[in-house]
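Enquirer: sequence first, predicted coordinates after that:
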Amino acid sequence: MKELENKIKKHLEERGWDHLRPSDLAKSIMIEGAELLELFQWENPELEEVKQNSEKTEQVKKELADILIYALQTSVLLGFDTKEIINTKLDYVAKKYPAELMKKNAQKGAGSGTDAEYWKIKEQYRRQGLNK
């Protein structure tokens, strides 16, 4: 991850973009996210359908790369350790959404929000102000 962060930092510095405002990067992430979403406008393909459509996957790769680059630029410019913040969030999500419960609901074909146990956990996190 450090190698990628360093490449992003060099890329920004070479272009004089190493003082971009976080708000502008956040806007760019959302704009690119909308472009990714636009690829699926008026359709709702399953995972395997998308994976088998080479034209669609190439379009997704391009938009996803834009999103990831802007996200990494934000992390680099704010001096974050990207690997650390991702691992911290994954640890938090693992506790908030227990794998056993989520997998059980996924296998039933229901969304995670259909289980009373899930809502109990979610409410507990909301009360504790941990819903981030």
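Expert: Received it, and whenever you're ready, just let me know what you need.

Enquirer: domain ranges for the protein?
Expert: As assigned by automatic domain parsing, the chain contains the domains 2-81, 97-132.

Enquirer: as a markdown table, the ones you listed with mean pLDDT, distance to residue 87 and mean neighbour count would be great.
Expert: Yep, even glycine has a C-beta here, placed from its N, CA and C like the rest. Shown next, in a markdown table, are the domains of the chain (pLDDT from 0 to 100; distance: least, Cβ to Cβ, whole Å; neighbours: other Cβ atoms under 10 Å):
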| stretch | mean pLDDT | distance to residue 87 | mean neighbour count |
| --- | --- | --- | --- |
| domain 2-81 | 97 | 9 | 13 |
| domain 97-132 | 70 | 15 | 12 |
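
Enquirer: nearest to residue 91, out of the ones you listed?
Expert: Judged by Cβ to Cβ, the one of these that comes nearest to residue 91 is domain 97-132, at 11.6 Å.

Enquirer: with adjacent residues omitted, what lies nearest to residue 66?
Expert: Closest residue to residue 66 in three dimensions, ignoring its sequence neighbours and counting by Cβ to Cβ, 6 or more residues apart in numbering: residue 32, at 4.1 Å.

Enquirer: any chance of the domains of the chain in CSV, plus distance to residue 90?
Expert: Formatted as CSV, the domains of the chain follow (distance: least, Cβ to Cβ, whole Å):
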stretch, distance to residue 90
domain 2-81, 14
domain 97-132, 11
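
Enquirer: among those domains, which comes closest to residue 89?
Expert: Residue 89 lies closest to domain 97-132 among these, at 8.9 Å (Cβ to Cβ).

Enquirer: can you verify my assumption that the residue nearest to residue 66 contacts residue 71?
Expert: No. The criterion here is Cβ atoms under 8 Å, and residue 32 misses it with residue 71 at 9.5 Å.

Enquirer: give me the distance from stretch 78-94 to the chain's centre.
Expert: 12 Å (Cα atoms, centre = their mean, to the nearest Å).

Enquirer: cool, stretch 31-44 as well?
Expert: How far stretch 31-44 lies from its chain's middle: 15 Å, per Cα atoms, centre = their mean.
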